[in-house]
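1. Structural data only, the sequence is not supplied:
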């Protein structure tokens, strides 16, 4: 295929395009469109990296892939397919993770432009920091259904990817999941935890049995009496779900009776839970009656979108357990299954369990299609959206090559036209956030935690790596020079299980942290608190936190009497949800943040600015295969 760009661009730009060295990170929905656009525009020096292999569900929108490519490397097949559009292009592919140590700052400095087509926040954070360290322009992008976004990140000139806080993953208290579900997602999360307890790698935070310590029910002193009372009322045999897994006794009828009858009877004995709620209805194996209006045999719907009757749920429950038992027995001793939305048996098990539990609690039941969307954190991807986003990426790249950074924009693709009949809304790039703990001149952040309970290993894994997005952190205690954490293997392993307090870390202690791979330094101030929500809280602005704490304390003093009049210590009665520290993480429908825009449009019209939405897309989501 011939490339005709001479009549479109001037000679200087054509030469810039041909000599430009581009790194494309991601070869999925946006990445496929982007590679095609780059080679057709005349870019001849491209490198692409992607860790994934091609799945059947990719084929409806990632057009560089075909059925015979399933199971092969995305980056390698994308390279081969893109070369057909322009054989003159030199494309290098890497089947690897962009976070690997081999791709350090020197690797990034080889490129003129970096273009992100990623589907996860961790990799985005990392590429953002590497481009800042290498001082290379980064074009960030994302899509979610009909929504899309493209923006440009340049050190010192624009906001970086981490300048504004991202929404935290949605969580639900353990007592809600185990005792009082009220939404379909609660039942789905419960069912995934059940899968892990029976067939997977169990976790203490994934217990599915009723929680006798529910703060809505009774105090600590009443737990033994409650257990005794429940047995008297319901003759309940309190068998741990884990017992079934340890004994490999996968009898569908016995498991069904335990989960959907005995455990429900036990919950009914917790009277206070049902004073303002509809009580659940225990079920037995033979209680099911086929509902002709809700049957799996409807022919006018796609298979996964047909509603299941309770009788069909029971059949699928039994069959999926048998299938999963066979798969587990085929593994080596000590191995376990991993839940996968694309595994039919795993998906059937979660769909059947969640719908039976939903019926018991009077919650709307969902089709297999809906359960897969919610359980797999899936938002349908649209090929047209990806194509538009990829085109915008290249247009922004051309502006950078023309040294017209001042003309680059953040561009939002809307679901429907705005009042001016525009689907694409350009906004002026924001300047860097002076308090950003990544791109400011002196990166600094405060972390609120309990120094009397947190171990050094937890600080490393959950705070520095999980919360502050470091890859291989080092941490030294300011003042004493004590090496708390080292990225050198084995150097500080002896510190792992020690408490922070053991190293004289107190409220106000500062840690000098750095990540050699990211060429990133950060000063972390420790704020000791015994009442921090969760294990820790990252605070970008220490003074702002102090002010918020003072205001909250004053408000509590003023409203103390009113608050104590409500069970749980809250005017709205939700304190038991907010304050419960036994949170279970669930995947929300979307990883999209939509907030009121603070940006100014290229062609400002006061009547429209207030209506504009600022869309931060953290993924190019995966579509469900039907």
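-> That came in fine, so what should we check first? All of these numbers come straight from a predicted model, not from anything done at the bench. Numbers count the residues shown, from 1 in each chain.
2. Could you chop the chain up by domain?
-> By the assignment in automatic domain parsing, the chain contains the domains 11-168+380-428, 182-362, 444-565.
3. quick one: which of those domains has the weakest pLDDT on average?
-> Per-stretch mean pLDDT for these is lowest at domain 182-362 (a mean of 79).
4. quick one on the thing from earlier: what's the most buried one of the domains of the chain?
-> Among the domains of the chain, the stretch with the highest mean neighbour count (mean count of other CB atoms under 10 Å) is domain 11-168+380-428, at a mean of 19. Just so you know, the C-beta spots here come from the backbone N, C-alpha and C atoms, and that holds for glycine as well.
5. Okay, now that domain: how far is its last residue from its first?
-> From its first residue to its last, domain 11-168+380-428 covers 29 Å (CA to CA, to the nearest Å).
6. Tell me which of the domains of the chain lies nearest to residue 438.
-> The closest of the domains of the chain to residue 438 is domain 11-168+380-428. By CB to CB, the value is 4.4 Å.
7. In TSV, list the domains of the chain along with distance to residue 374.
-> Below are these laid out as TSV (distance: least, CB to CB, whole Å):
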stretch	distance to residue 374
domain 11-168+380-428	13
domain 182-362	5
domain 444-565	23
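8. do you know which of those lies nearest residue 175?
-> Residue 175 lies closest to domain 182-362 among the domains of the chain, at 4.3 Å (CB to CB).
9. so how far is the first residue of the closest one from its last?
-> 8 Å.
10. Could you do stretch 63-81 as well?
-> 9 Å.
11. Show me what that stretch is in contact with.
-> By CB atoms under 8 Å, 6 or more residues apart in numbering, the surrounding residues in contact with stretch 63-81 are 27-28, 31-33, 35-36, 48-50, 52-56, 58-59, 62, 82, 91-95, 383.
12. quick one: residue 411 is in a helix?
-> No. Applying DSSP: H, G, I helix; E, B strand; the rest coil, one finds residue 411 to be strand, outside a helix.
13. show me what contacts it?
-> Counted by CB under 8 Å, 6+ apart, residue 411 has contacts 149, 150, 151, 392, 396, 424, 425, 426, 427.
14. ok, these vs residue 494, which is closest?
-> For the contacts of residue 411, the minimum distance to residue 494 (CB to CB) is 44.5 Å, reached by residue 151.
15. How far does the one helix or strand the closest one maps to sit from its chain's centre?
-> Element membership of residue 151, judged by DSSP states H and E, is strand 147-153. The chain centre lies 19 Å from the centre of strand 147-153; the measure is CA atoms, centre = their mean, to the nearest Å.
16. tell me the angle of it relative to strand 409-413?
-> 170 degrees (axes from the mean of the first three to the mean of the last three CA atoms, to 10 degrees).
17. Next secondary structure after strand 147-153?
-> Strand 147-153 is succeeded, C-terminally, by strand 171-173 (DSSP H and E).
18. counting contacts, what elements does the helix or strand just after that following strand pack onto?
-> Scanning forward in sequence from strand 171-173 by DSSP H and E, the next helix or strand is helix 174-178. For helix 174-178, the helices and strands in contact under the criterion 3 or more CB pairs under 8 Å, 6 or more residues apart in numbering; DSSP states H and E are helix 184-199, strand 583-585.
19. Now do the helices in the stretch 201-350 of the chain.
-> With DSSP state H, counting those that start in this stretch as the definition, the stretch 201-350 of the chain shows helices at residue ranges 223-234, 241-247, 252-257, 263-268, 310-329, 344-360.
20. Dump those into CSV; add distance to residue 409 as well.
-> Output for the helices of the stretch 201-350 of the chain, formatted as CSV (distance: least, CB to CB, whole Å):
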stretch, distance to residue 409
helix 223-234, 59
helix 241-247, 53
helix 252-257, 56
helix 263-268, 54
helix 310-329, 50
helix 344-360, 41
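21. Quick one: closest of these to residue 197.
-> Here helix 241-247 is closest among the helices of the stretch 201-350 of the chain (CB to CB), at 4.9 Å.
22. Please tell me how far residue 312 sits from residue 364.
-> Distance of residue 312 to residue 364, computed by CB to CB, to the nearest Å: 17 Å.
23. and residue 107, what helix or strand is that in?
-> Secondary-structure assignment from DSSP H and E places residue 107 in helix 105-108.
24. and the helix or strand just after that helix, what other elements does it pack with?
-> Next in sequence after helix 105-108, counting helices and strands by DSSP H and E, comes strand 113-116. When contacts are defined as 3+ CB pairs under 8 Å, 6+ apart, strand 113-116 packs onto strand 21-25, helix 121-134, strand 138-144, helix 383-401.
25. rewinding a little: now, the contacts of stretch 63-81 that are in helices?
-> The helices, defined by DSSP state H, take in 31, 32, 33, 35, 36, 82, 383 from those.
26. can you tell me how far the third one sits from residue 409?
-> Read it as residue 33. According to CB to CB, residue 33 stands 19 Å off from residue 409.
27. what's the angle between the strand holding residue 151 and helix 383-401?
-> 20 degrees.
28. and strand 147-153 with strand 138-144, angle?
-> Using the same axes, to 10 degrees, strand 147-153 lies at 170 degrees relative to strand 138-144.
29. ok, strand 147-153: who's next to it in the sheet?
-> Strand 147-153 sits in its sheet next to strand 138-144 (antiparallel), strand 409-413 (antiparallel), going by DSSP bridges.
30. Let me have these in TSV, extended by distance to residue 201.
-> What follows is the strands paired with strand 147-153, written out as TSV (distance: least, CB to CB, whole Å):
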stretch	distance to residue 201
strand 138-144	30
strand 409-413	40
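31. Go through these and name the closest to residue 476.
-> strand 138-144 (29.8 Å).
32. chain center to the closest one: distance?
-> 16 Å.
33. Going by distance to residue 266, which of the contacts of residue 411 wins?
-> residue 149 (48.1 Å).
34. That closest one touches residue 409, doesn't it?
-> No. Contact criterion CB atoms under 8 Å: residue 149 and residue 409 do not qualify, at 10.9 Å.
35. and the residue lying closest to residue 454 once chain neighbours are set aside, what is it in contact with?
-> Excluding the flanking residues, the one nearest residue 454 by CB to CB, 6 or more residues apart in numbering is residue 500, at 5.3 Å. Residues near residue 500 by CB under 8 Å, 6+ apart: 449, 451, 452, 454, 455, 456, 459, 526.
36. Make sure the second one is actually in contact with residue 506.
-> Yes. Judged on CB under 8 Å, residue 451 makes contact with residue 506 at a distance of 6.3 Å.
37. if we can go back for a sec, of the helices of the stretch 201-350 of the chain, which is nearest residue 157?
-> helix 344-360 (46.4 Å).
38. Give the next helix or strand downstream of that closest one.
-> Beyond helix 344-360 in the direction of the C-terminus, DSSP H and E gives the next helix or strand as helix 368-375.
39. tell me how far that next one is from the chain's mean position?
-> Taking mean C-alpha positions (CA atoms, centre = their mean), helix 368-375 and its chain are 16 Å apart.
40. And for stretch 145-161?
-> 19 Å.
41. same question, stretch 471-488
-> Its chain's C-alpha centre and that of stretch 471-488 lie 29 Å apart, by CA atoms, centre = their mean.
42. Equivalent analysis for stretch 59-66, please.
-> 24 Å.
43. now the end-to-end length of it.
-> For stretch 59-66, the end-to-end distance is 6 Å (CA to CA).
44. the helices in the stretch 451-600 of the chain, which residues?
-> Going by DSSP H, counting those that start in this stretch, the stretch 451-600 of the chain shows helices at 456-458, 542-564, 575-579.
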